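Trainee: Just a sequence and a predicted model for now, questions to come.
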Number of protein chains: 2
Amino acid sequence: MARTAGSHSDITGPRINDAALHLFARHGYAAVSMRQIAGEVGVQAGALYNYTPDKQSLLFTLMKDHLEQLLAARRTAETPSGAMAQLEAFTRFHIRFHLERPDEMFIAYMELRNLTPENFEVIGVLRGQYEDELEGILRTGVTEGVFSIPDTKVATLAVIGMLNGVTTWYRAGGRLSLDQVETIYWDMVRKAMAA
Amino acid sequence: MARTAGSHSDITGPRINDAALHLFARHGYAAVSMRQIAGEVGVQAGALYNYTPDKQSLLFTLMKDHLEQLLAARRTAETPSGAMAQLEAFTRFHIRFHLERPDEMFIAYMELRNLTPENFEVIGVLRGQYEDELEGILRTGVTEGVFSIPDTKVATLAVIGMLNGVTTWYRAGGRLSLDQVETIYWDMVRKAMAA
DNA sequence: GTTTTTTCTGAACAGATGTTCAGATACCGT
DNA sequence: ACGGTATCTGAACATCTGTTCAGAAAAAAC
C-alpha cells in the first residue's frame, strides 16, 4: 500500500494541525505521541513528517501562529480614544478572541516549558508585545488620571491572569452568553483599575 | 551492590517527593521519567517503588498533600468579622501561602489533566472546598451590601485566577517585598469587588 | 497513455519508558 | 557476634518513543 485514495496535502496538513492542537490542549504536549496524532488523522505516523520536520516544530508553529493571529487581530481593531475606552476594548477583545480559540489559548499558556530555548525566546517576544499593549493602556490611563495603579507591570499580569481564567469554565451555550461574560469581566477590570 | 551506606527511608522518602515536586513543576509530569527523579535523589529507579506504588500516585500524593495543607492552614487562621475584612484576609493568605510554595501551586493548577479520573475527582473536591470559601465570603459581602458582584461564581474564579498569576513573576528578593505584593493585589481585589 | 510528482505505507532504527524482582549489603535489636 | 529487617542495586521485561526511508500507489501533467 502507498498513497491512499483522495489524499491531498491541502486536506491532510490542516487536519494534522487540528489533531495536534486538540490533543496537546487536552493531554499536554509531552503526553501525546506522534502515533496518536496520526491515528486521529487516519494516517500512519511516518506521514506526519511530510508536514512537519519534528514534533517540537508542530508545537512551536501552533503557538506562533496563534500569537501572530492574536496580534494581527489587535491591529485591525480600531483603537478608541481615552484609556478607559481602550481598556474596555482590550478586555472585550481578549475575552472574545480567546473564547473562540480555547485550545490555542490553553496551549499558548501551558506548554511554554515544552519549547526549546530558542523557540521559547520567540514566543516570549510575541507574548511580550501583546502584554505591552495592555501595559501601555494602563500607563496612559494613569497619566490621564482615570486609573489608580501602583505598579502597572503587576497590574498587567493580574488583568491577563484574571481574564485567562475564563476559558477554564466558559462553555458556549451555557448559562451565560459571550456578551454577558464580557460585561462581567469588564466590570471587574474597570473597577479594579479605576481611580 | 545493594543497600547503600547511610540509607534511611526517613531521608530518602522526603527526598523523592522533593525531587518529584521540583521536576514535575519545572518540566511537567509527562516529561519527567522515574529515572530522572531517581537520578536527582542519587538512587536507582527501582528504589522509588519502595516509596510509591507508581508514578501516578507520586503526582496524586503531591497534589493531595498540598491541598490538604492549604485547607488546614485556612482553618487555623482566624476569621475576622465582616466580609470586607474576610476578603482581605483570604487574599493575603492566598498570596503568602502560594508564594512560599510555588512548585506545589504550579503542579496543583497545571497537572490536573495528568490525573486518572478517580484521582481527578478527589483533587477536584478539595479544590472546590477552597474555592467555596472564597465564594462564601463574596456572597456574604453582597448581602451585607459591601460588594457589588453580578455573578459570584465567575468572580470567585476571576479573583483566584488573578491571584494565581503572581507565582509566574514573583521572585523572593526581587523588586517587591511579599508585603508589597499582598497590598497591591488586595487593592485590586478590593476595588474589583467593592460596591 | 505515459511520465512525473505527490502522498502515503509499513517496516525498521536505536533508545527511552514504567515497573518488577532476586539478591546483596547495611543497619539494628538482642 | 548474630539474626532479622530495611534499603538499594542491576538486570530484565514488554512496550512505547520520535524519526527515517525505500517503495508503492494515486493524482496531475503532458
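Mentor: It's in.
Trainee: how far is the longest helix along chain A from where the chain is centred?
Mentor: Longest helix in chain A by number of residues (criterion: DSSP state H): helix A:117-144. Helix A:117-144 has its average C-alpha position 14 Å from the chain's average C-alpha position, going by Cα atoms, centre = their mean, to the nearest Å.
Trainee: Can you name the next helix or strand after that helix?
Mentor: Next helix or strand after helix A:117-144 toward the C-terminus (DSSP states H and E): helix A:152-164.
Trainee: Is that following helix in proximity to chain B?
Mentor: Yes - on the criterion Cβ under 8 Å from any Cβ of the partner chain, helix A:152-164 is in touch with chain B at A:153-155, A:157-164. Heads up, the C-betas are built off the backbone N, CA and C, glycines and all.
Trainee: Same check on stretch A:18-35?
Mentor: Yes - remark: stretch A:18-35 sits within contact range of chain B at A:26-31, by Cβ under 8 Å from any Cβ.
Trainee: now do stretch A:78-88
Mentor: No - using Cβ under 8 Å from any Cβ, stretch A:78-88 stays clear of chain B, coming no nearer than 13.3 Å.
Trainee: Can you tell me what sits against that stretch?
Mentor: Stretch A:78-88 has contacts (Cβ atoms under 8 Å, 6 or more residues apart in numbering or on different chains) with A:89, A:137-138, A:140-141, A:144, A:146-147, A:186, A:189-190, A:193.
Trainee: what's the closest residue to residue A:166 other than its chain neighbours in contact with, if anything?
Mentor: Here the nearest residue to residue A:166 in space, its sequence neighbours aside, is residue A:95; by Cβ to Cβ, 6 or more residues apart in numbering or on different chains that works out to 5.9 Å. The contact partners of residue A:95, taken as Cβ under 8 Å, 6+ apart, are A:163, A:166, A:178, A:181-182, A:185.
Trainee: same thing but 10 Å
Mentor: Going by Cβ atoms under 10 Å, 6 or more residues apart in numbering or on different chains, residue A:95 touches A:163-164, A:166-167, A:170, A:178, A:181-186, A:189.
Trainee: One more: residue A:34?
Mentor: By Cβ under 10 Å, 6+ apart, the residues touching residue A:34 are A:20, A:44-46, A:48-49, A:52, A:54-55, A:58.
Trainee: who does the longest helix of chain A touch, helix- and strand-wise?
Mentor: Applying 3 or more Cβ pairs under 10 Å, 6 or more residues apart in numbering or on different chains; DSSP states H and E, one finds that helix A:117-144 contacts helix A:55-76, helix A:83-99, helix A:102-110, helix A:152-164, helix A:178-193.
Trainee: Could you give the average pLDDT over that helix?
Mentor: Here helix A:117-144 scores 98 as its mean pLDDT.
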